[in-house]
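J.: generate a structure from the sequence data that follows.
(2 chains)
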Amino acid sequence: MNDPVAELRSALDAAATALRGSGSETDADPGMRLERPKRSGQGDFATNAAMLLAPVLGMPPREIASRLGERLAAQLPVELSHFEVAGPGFLNLVMSDEWHRVGLRRLLEAGDSFGSGGARSPERILLEFVSANPTGPIVAASGRHAAYGDSLGRILEHHGHTVAREYYVNDSGSQVLRLGESVRARALGQDPPEDGYQGGYVADIAKRVEGAADESVDVRELADRAVAAMVDGIKATMSRYGVQYDRYFSERSLHEGSPSTVDRAIADVREAEHIYEHDDALWLRTTTFGDDKDRVLVRRGGEPTYFASDLAYMESKRERGFERQILVLGADHHGYVARLKAAFQALGGDPDMLEPLIMQLVHLVENAERTKMSKRRGDFVTLDELLDEIGVDATRYFMLQSSHERTLDLNLDLARSQSSENPVYYIQYAHARIASMLARVGEERVALAVADGCDWSSPAGELHSAERELIRKLLSLPEEIAEAAERRAPHRIAVFALELAQEFTAFYTNCKVVGAEPATLESFRVALCLATRTQLALVLRLLGVSAPDAM
RNA sequence: GCCCCCGUAGCUCAGUUGGAUAGAGCGGCGGACUUCUAAUCCGUAGGUCGCAGGUUCGAAUCCUGCCGGGGGUACCA
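T.: Numbers count the residues shown, from 1 in each chain, chains lettered A, B, ... in the order given. Down below sits the predicted model:
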């Protein structure tokens, strides 16, 4: 492991354990924290350990904090500059310049793998997201799912997991047929059926798809062609958006073959005796696993439900060796969670390994009004249109900056007129500035600055507070990655990226880099710039946002 | 009715497995371009953390109730 902050935390744990003695409670207190105080003057790090130990030891918290500090000082004579006991019993730690310099050295050694591989038990994860029906173009709101799923995948991978991304294509069923009917109608110059798709894009497909107006071509066949055309469009949009899937998984493929995946899944749950017949339909007894009511798998008449496909798709994922299944669902699907969990268990799965994540809605606000989006009516803003307006980077950042469990209002007027005010440009600007500076000093000078033999790790003079703060920010990446991965929270990285850019800009404003005297100081600052650039590029990559060298 | 999410600065949002005086961006106001990129920086104003109780050394964070907004509650997909 290459994580100076984690090492500090271990030292603190050791000190706390020693203080507590062997006779008392077994494990370290999980509530013990190594925090970064918000206010200056409260140390570089702070811990509440003493307050948690107080009831155990039966001593005043401040007294414990003082003893804890002394132990830590003995353990870390070089790293720890000094400590203070404050408030109700906080222990504030001030780290030495040496600790910061060593930290920078280790950042450079790790490069863009810093903060990677922290997962306690690496998993094979199948991450399914978007999966919007191929009966229309990708709408703007799906851009949130796409950005979230893609970024989450990148973060999970950096954290040490293996991730496969899939887009589930609903290419069978009545919706698809309805699309075929609508295309046929448009091709013949008629209005689509009332329950069909009214959007203008249907006419475009009708022009592009072969045989649309040819009544000898079956509507079902026409529907397939239309879906294929839609999927091509979806792939193009996703590609433009920087979202790569490992596979577009066809729902229909679940029904093909003999026995089909659907057949096998049903056989499995039948064998486990979770199935019964009622009213000529085949039901899955999901109530066994906490669902409100049982669910139909095969309708009266033999037609399998969409739920049967879901069951089979889960089966397929398990057969392919993914122990964890994450699926990003829209808020309008939260009613499915119970039955999906139940189905997963009926197949013999551990319910904790099926992880439906509910994404709250995106409202597009225009003229101070929320626009309603309906694919049927064709009344929507597409993701492509949004990308035309405000660009990939700004869109992705906007979609990622807030928690997925929070409704997002996307103000189109604002997005259009003030896209340059998007924080993403501030972050990219910091990256571009560094690139420009490093180019100015030249590759050889940079190489010299980071060379092992270079002695900037012990120059005369104290570090500037901006240097110290920037280094600590850089060193906090591993825990940010862990937090973002474990909480499925890419927005944490979006916030971190902005904070890192701010720390860098403060350093830039206060500390001259090129031409700093003595040369060892210039080397140190060049090295710090390089480490910052590497990490900015890394977090931008995790967000799926570009890291330009010039702006 | 029942279930899920949300309510934090004018706007958009962080912070919520309890910690010190609640933060950022944008917008407002006042300043700074002989400078390594001004897409920047500095200063300043702006808050009953929806409301009311409770738990405790300590609550934006946990519990209960209420108010407000959004979504769901199909042999549709």
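J.: contacting residues around A:Leu536?
T.: A:427, A:430-431, A:434, A:497, A:500-501, A:504, A:547 (C-beta atoms under 8 Å, 6 or more residues apart in numbering). Just so you know, the C-beta spots here come from the backbone N, C-alpha and C atoms, and that holds for glycine as well.
J.: hang on, it in a helix?
T.: Yes: counting by DSSP: H, G, I helix; E, B strand; the rest coil, one finds A:Leu536 located in a helix.
J.: still on that earlier bit, narrow the contacts of A:Leu536 to those in helices?
T.: A:427, A:430-431, A:434, A:497, A:500-501, A:504 (DSSP state H).
J.: among the residues you listed, give me the pair with the biggest separation.
T.: For the ones in helices among the contacts of A:Leu536, the maximum inter-member distance is 13.8 Å, found between A:Ile434 and A:Ala497 (C-beta to C-beta).
J.: next one: phi and psi at the residue nearest to A:Thr237 when sequence neighbours are not counted?
T.: Counting by C-beta to C-beta, 6 or more residues apart in numbering, A:Thr237 lies nearest to A:Ile138, which is 4.8 Å off, once chain neighbours are set aside. Main-chain torsions, A:Ile138, degrees, to the nearest 10: phi -70, psi 130.
J.: what's the answer for the one 3 residues further on, then?
T.: Note on A:Ala141: its backbone torsions stand at phi -60, psi -30 [degrees, to the nearest 10].
J.: what is the burial count for it?
T.: 23 (other C-beta atoms under 10 Å).
J.: name the nearest residue to it, sequence neighbours excluded.
T.: A:Val362 (4.0 Å).
J.: show the contacting residues for the one you found.
T.: So A:Val362 contacts A:140-141, A:143-144, A:399, A:407-410 (C-beta under 8 Å, 6+ apart).
J.: of those residues, grab the buried ones for PyMOL.
T.: Command for PyMOL that selects the buried part of the contacts of A:Val362, burial taken from 16 or more other C-beta atoms under 10 Å:
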select buried, chain A and resi 140+141+143+144+399+408+410
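J.: which single one of the contacts of A:Val362 is nearest to A:Gly173?
T.: Of those, the one sitting nearest to A:Gly173 (C-beta to C-beta) turns out to be A:Ala141, at 21.8 Å.
J.: from A:Ala147, how far out is that closest one?
T.: 11 Å (C-beta to C-beta, to the nearest Å).
J.: still on that earlier bit, out of the contacts of A:Val362, who's near RNA strand B?
T.: A:407-409 (C-beta under 7 Å from any atom of the strand).
J.: between those, which sits nearest A:Ala519?
T.: Of all the ones next to RNA strand B among the contacts of A:Val362, A:Ala519 sits closest to A:Leu408, with 49.6 Å by C-beta to C-beta.
J.: tell me how far that closest one lies from A:Gln401.
T.: Distance from A:Leu408 to A:Gln401, by C-beta to C-beta: 9 Å.
J.: how long is stretch A:188-207 from one end to the other?
T.: With C-alpha to C-alpha, to the nearest Å as the measure, stretch A:188-207 spans 11 Å from end to end.
J.: now do the buried residues in it.
T.: A:192, A:196-199, A:201-203, A:205-206.
J.: do that stretch and RNA strand B meet?
T.: No: using C-beta under 7 Å from any atom of the strand, stretch A:188-207 stays clear of RNA strand B, with a minimum separation of 9.5 Å.
J.: let me see the mean pLDDT of that stretch.
T.: Mean pLDDT, stretch A:188-207: 87.
J.: I'd like the distance from it to the chain centre, please.
T.: The chain centroid and the centroid of stretch A:188-207 are separated by 37 Å under C-alpha atoms, centre = their mean, to the nearest Å.
J.: go on, stretch A:57-74?
T.: Counting by C-alpha atoms, centre = their mean, stretch A:57-74 comes out at 39 Å from the chain centroid.
J.: re the thing from before, what sits against the residue nearest to A:Thr237?
T.: Counting by C-beta under 8 Å, 6+ apart, the residues that A:Ile138 touches are A:130, A:132, A:146, A:233-234, A:237-238, A:382-384.
J.: tell me where the model's unsure across the stretch 251-400 of chain A.
T.: Residue ranges of the stretch 251-400 of chain A with pLDDT under 70: A:366-380.
J.: coming back round to it: pick out whichever of the buried residues of stretch A:188-207 sits closest to RNA strand B.
T.: A:Tyr197 (11.8 Å; C-beta to the nearest atom of the strand).
J.: which non-adjacent residue is nearest that closest one?
T.: That would be A:Ser182: by C-beta to C-beta, 6+ apart, it lies 4.4 Å from A:Tyr197.
J.: how far away is the one you found from A:Ile205?
T.: 9 Å.
J.: equivalent analysis for A:Gly196, please.
T.: 12 Å.
J.: equivalent analysis for A:Phe344, please.
T.: 36 Å.
J.: is the helix or strand containing A:Arg525 positioned near RNA strand B?
T.: Assigned by DSSP states H and E, A:Arg525 falls within helix A:519-543. No: using C-beta under 7 Å from any atom of the strand, helix A:519-543 stays clear of RNA strand B, coming no nearer than 7.6 Å.
J.: now the residue nearest the centre of chain A: which helix or strand?
T.: The centroid of chain A falls nearest to A:Leu152 when counting by C-alpha atoms, centre = their mean (2.4 Å). Using DSSP H and E, A:Leu152 sits within helix A:142-158.
J.: just the CA coordinates of that helix, formatted as PDB?
T.: C-alpha atoms of helix A:142-158 as PDB (Å, rounded to 0.1, in the frame of the first residue of the first chain):
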ATOM      1  CA  SER A 142     -31.000   9.300 -19.700                       C
ATOM      2  CA  GLY A 143     -27.800  11.300 -19.900                       C
ATOM      3  CA  ARG A 144     -27.800  11.300 -16.100                       C
ATOM      4  CA  HIS A 145     -28.000   7.500 -16.000                       C
ATOM      5  CA  ALA A 146     -25.300   7.200 -18.600                       C
ATOM      6  CA  ALA A 147     -22.900   9.600 -16.900                       C
ATOM      7  CA  TYR A 148     -23.600   8.000 -13.500                       C
ATOM      8  CA  GLY A 149     -23.300   4.400 -14.600                       C
ATOM      9  CA  ASP A 150     -20.200   5.000 -16.700                       C
ATOM     10  CA  SER A 151     -18.500   7.000 -14.000                       C
ATOM     11  CA  LEU A 152     -19.400   4.500 -11.300                       C
ATOM     12  CA  GLY A 153     -17.900   1.800 -13.400                       C
ATOM     13  CA  ARG A 154     -14.600   3.700 -13.700                       C
ATOM     14  CA  ILE A 155     -14.500   4.300 -10.000                       C
ATOM     15  CA  LEU A 156     -15.300   0.700  -9.100                       C
ATOM     16  CA  GLU A 157     -12.500  -0.400 -11.400                       C
ATOM     17  CA  HIS A 158     -10.000   2.000 -10.000                       C
END
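J.: who touches that helix?
T.: Everything outside helix A:142-158 that qualifies as a contact, by C-beta under 8 Å, 6+ apart, is A:115-116, A:125, A:127-130, A:132, A:138, A:163, A:165, A:238, A:241-244, A:326, A:328, A:330, A:359, A:362, A:383, A:386-387, A:395-396, A:399-400, A:404, A:408, A:481, A:484-485, A:488, A:490, A:493, A:541-544.
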